[in-house]
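J.: Prediction below, plus the sequence it came from.
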Amino acid sequence: MNSLLKRKHSIRWKSEAFFVDLIVAVMIGYAFIQGIRLIHPLEWPYEEDLYRNIGHAQTILDGDYFADDLYLGEKQWYNSLVPTIVAGASWISGVPVYTVYTKLGVYLNLLAPIFFYILLVRFIGRWAALASTFAFLFIIANGIPSWIGGTYAPWLLPVLFVQALVYMALLAYNNVLQIGEWKWVFIVGILLGLVFMGHTAPAVLLGILMTVLTLQQTITGWKHETSLAKKLRPLLQFGLLLLVAFIASTPYHYTILGHYRLKILNPAPCNWVYEPLLLSNLGNFINQILSRRLLMLFIIIGLGGLILRREKRTERNILLLWLVVACGWIVHNYIWQMLRQRGIETLRMLPAYHFVFYFHAAEAFLFGYGAVTVCRWFSKLAQHGRGMIQRLRFCKFLLHPRVQQIALLVLLAVTFVKVYPSYKARDDYREFRVVMNERSDWQEAYSWIRENTQPTDVFLAPDYLARFIVGPAGRKVVAVRAVFSNTYVEWAQRWADHEALFEYSKQGNEDGFQKLAAKYHVTHVITFDQSQDIDDAAPTFLEKSFQQDKLSIYRYTG
């Protein structure tokens, strides 16, 4: 009899799990369809950061893995995992790099909601994971860019793709804490290394989280374990984990650590502040978070419930530390700005908006836990009023044994209807904004550069043409604006020389142009707004090789 009851319970549990998994699959599938509809007519992406990454992948595909994609003679400084994947996909398929970058993200980024859900099934339960994934997909990122939203989006930005690896690493690290087997240490080390290869901010988040939990585990071990080996086990495992991560991320730190020694000469990329995170906008940032009152109510309830949770304490600690580290880095952003206003300059390794991304992802799992908590209260309230409900025929459904789950599904359905307009209005699903898909002259210039120049050729190019045409073509430039320039290469003199070269070309000053052109090995000049000025000057050392409307490319004959 007992075995029969166990079997019935097992069948019921499996069918419920399948039902919840099916709902999540439908939600993810719906988001995927929105992405497919958007990218279907596009050949080029919409986000300007992706154009830098196209150049990185093209440089890898052209055979120089460790080269800076913009500066001749310099080394890569930006995380190389996603460009490497794109270069490999382009090489295998024969599809141009820019098309792969446009089309592949909608598929690869599906890993993020899938592993977000799997992680939370393990950490907070299947129904809470369902509600959390719903928030992750349809609520949290509405009204803000996806690259700070902690969500699924079709664009292959590193922060969007790498979050899947973060969730895998947290799943595996939980096994290290719970089981302690050495194979899981190796798996976590490899995943942490890949995360660092893909994006620095989540690697830092994971590193801090793992350090704190290792110290906690070590202190507990010293109190309760008798043998020295068991007391030191957490530290030994953490050390091995870091070693494996270091080895796994060698292709990246080979250049930033081995070549550049982490000596930052251009702090602009690190010091860039997303406008809503400016100290002057602190009130607006807080108001934006608190303005969605019903959402915040569920998040607060979820946070309180998670803090008070008695079961699965290790999983609870991981989730709470995730939130604390993300919030801590955002607070650090404001402290850093306060110090700058007082004339105290401190180096900041990472922009805070990367951690806002994981703060919003944390909001999603807090919403899910809060929604399940509220529905559990609703179920208990119905049971307490059982006698009164039984007298009211039309309310008897409140005594259904699954009323908690039904209430959650109704809550999510009503919420979806309410948030659907703002979800559809997200930047990710609106008409693309970058002109490359509409500019035949820019596309023809890109094709001409690919067909008529070499990877070592250097272009004197305005910043926007350098980033949208020359860089994606896998060719070098004299300079781009500081925030997109190599962190480990001095920028100010490059930019001054870049401006001087354009002035010399418009003046027809061959001696001045030749001196600086030799310094940077300039072979071509590409212009748009300044084409007429150069044509009027008719410099003998520049020979026009391409023209389409106002866009011109000149070959330097010096």
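T.: Good, I have the coordinates. Numbers count the residues shown, from 1 in each chain.
J.: Would you tell me what helix or strand residue 554 is located in?
T.: Element membership for residue 554 (DSSP states H and E) is strand 551-556.
J.: What's the mean pLDDT across that strand?
T.: Averaged across strand 551-556, pLDDT comes to 94.
J.: Now the residue nearest to residue 138 when sequence neighbours are not counted: which helix or strand?
T.: Leaving out its chain neighbours, the residue that sits closest to residue 138 by Cβ to Cβ, 6 or more residues apart in numbering is residue 423, at 5.2 Å. The C-beta positions use only the backbone N, C-alpha and C, and glycine is treated the same way. Secondary-structure element containing residue 423, defined by DSSP H and E: helix 403-424.
J.: Equivalent analysis for residue 543, please.
T.: With DSSP H and E as the criterion, residue 543 is inside strand 542-548.
J.: Which strands and helices lie in contact with that strand?
T.: Under the contact criterion of 3 or more Cβ pairs under 8 Å, 6 or more residues apart in numbering; DSSP states H and E, strand 542-548 touches helix 440-452, helix 531-537, strand 551-556.
J.: Out of the ones you listed, flag the one nearest residue 107.
T.: helix 440-452 (24.4 Å; Cβ to Cβ).
J.: Alpha carbons only: can I get the helix holding residue 423 in CSV?
T.: In CSV, the C-alpha atoms belonging to helix 403-424 read as follows (Å, rounded to 0.1, in the frame of the first residue of the first chain):
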residue,chain,number,x,y,z
VAL,A,403,-5.8,27.0,-5.2
GLN,A,404,-2.3,28.3,-4.5
GLN,A,405,-1.0,27.3,-8.0
ILE,A,406,-4.2,28.5,-9.7
ALA,A,407,-3.9,31.8,-8.0
LEU,A,408,-0.3,32.2,-9.2
LEU,A,409,-1.3,31.4,-12.8
VAL,A,410,-4.2,33.9,-12.7
LEU,A,411,-1.8,36.5,-11.2
LEU,A,412,0.7,36.0,-14.0
ALA,A,413,-2.0,36.0,-16.7
VAL,A,414,-3.4,39.3,-15.4
THR,A,415,0.1,40.8,-15.1
PHE,A,416,0.9,39.8,-18.6
VAL,A,417,-2.1,41.6,-20.0
LYS,A,418,-1.1,44.7,-18.0
VAL,A,419,2.6,44.8,-19.0
TYR,A,420,2.2,43.6,-22.6
PRO,A,421,2.2,47.1,-24.1
SER,A,422,5.4,48.1,-22.3
TYR,A,423,7.0,44.8,-23.2
LYS,A,424,6.3,45.2,-26.9
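J.: Check whether the residue nearest to residue 138 really touches residue 136, as I assumed.
T.: No. Counting by Cβ atoms under 8 Å, no contact exists between residue 423 and residue 136, whose distance comes to 11.9 Å.
J.: Of these two, give the one with the bigger neighbour count.
T.: Comparing residue 423 with residue 136 by neighbour count (other Cβ atoms under 10 Å), the higher total belongs to residue 136, at 31 against 21.
J.: tell me the contacts of the more buried one?
T.: Residues in contact with residue 136 (Cβ atoms under 8 Å, 6 or more residues apart in numbering) are 113, 116, 150, 151, 152, 361, 364, 365.
J.: try it again with 10 Å
T.: The neighbourhood of residue 136, defined by Cβ atoms under 10 Å, 6 or more residues apart in numbering, consists of 27-28, 31, 112-113, 116-117, 120, 129, 149-152, 163, 360-361, 363-365, 367-368.
J.: and those residues, which of them are in helices?
T.: Assigned to helices by DSSP state H, the following of the contacts of residue 136 qualify: 27-28, 31, 112-113, 116-117, 120, 129, 163, 360-361, 363-365, 367-368.
J.: for this protein, which spans come out with low pLDDT?
T.: Applying pLDDT under 70 to the predicted model, the residue ranges of the chain that meet it are 1-14, 381-401, 430-435.
J.: how about the strands of it, start to end?
T.: Taking DSSP state E, the strands of the chain run over residues 458-460, 476-477, 522-527, 542-548, 551-556.
J.: Adding distance to residue 514 and mean neighbour count, write those strands out as TSV.
T.: Below are the strands of the chain laid out as TSV (distance: least, Cβ to Cβ, whole Å; neighbours: other Cβ atoms under 10 Å):
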stretch	distance to residue 514	mean neighbour count
strand 458-460	13	26
strand 476-477	18	28
strand 522-527	9	24
strand 542-548	11	16
strand 551-556	9	21
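J.: Which among the ones you listed is found nearest to residue 337?
T.: Between residue 337 and these, the shortest gap by Cβ to Cβ is with strand 476-477, which sits at 31.2 Å.
J.: What is the closest one packed up against?
T.: helix 48-61, strand 458-460, strand 522-527 (3 or more Cβ pairs under 10 Å, 6 or more residues apart in numbering; DSSP states H and E).
J.: In this protein, which residue is most central in space?
T.: In the chain, the centroid-proximal residue (Cα atoms, centre = their mean) is residue 159; its distance is 0.9 Å.
J.: isn't that one right up against residue 203?
T.: No. Residue 159 is beyond contact range of residue 203, at 11.7 Å (criterion: Cβ atoms under 10 Å).
J.: Domain-wise, how is this protein divided?
T.: 106-437, 438-556 (automatic domain parsing).
J.: TSV for these, including distance to residue 83?
T.: Formatted as TSV, those follow (distance: least, Cβ to Cβ, whole Å):
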stretch	distance to residue 83
domain 106-437	9
domain 438-556	11
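J.: Pull the number of nearby residues for residue 283.
T.: As a burial measure, residue 283 scores 8 neighbours (other Cβ under 10 Å).
J.: roughly how far apart are it and residue 289?
T.: Residue 283 sits 11 Å away from residue 289, taking Cβ to Cβ, to the nearest Å as the criterion.
J.: Kindly report the same for residue 37.
T.: As for residue 37, its distance to residue 289 is 30 Å (criterion: Cβ to Cβ).
J.: swap in residue 85?
T.: Using Cβ to Cβ, one gets 33 Å for the distance from residue 85 to residue 289.
J.: More neighbours: which of these two?
T.: For residue 85 versus residue 289, the count of surrounding residues by other Cβ under 10 Å is larger for residue 85: 18 against 15.
J.: hang on, the more buried one packs against residue 104?
T.: Yes. Shown here, residue 85 and residue 104 form a contact pair, counting by Cβ under 10 Å, at 7.9 Å.
J.: intersection of neighbour lists for these two?
T.: Between them, residue 85 and residue 104 share these contacting residues under Cβ under 10 Å, 6+ apart: 156, 161.
J.: Quick check: closest non-adjacent residue to residue 268.
T.: With sequence-adjacent residues excluded and distances taken as Cβ to Cβ, 6+ apart, residue 268 is closest to residue 482, at 3.6 Å.
J.: can you tell me how far that neighbour sits from residue 345?
T.: Residue 482 sits 16 Å away from residue 345 when distances are taken as Cβ to Cβ.
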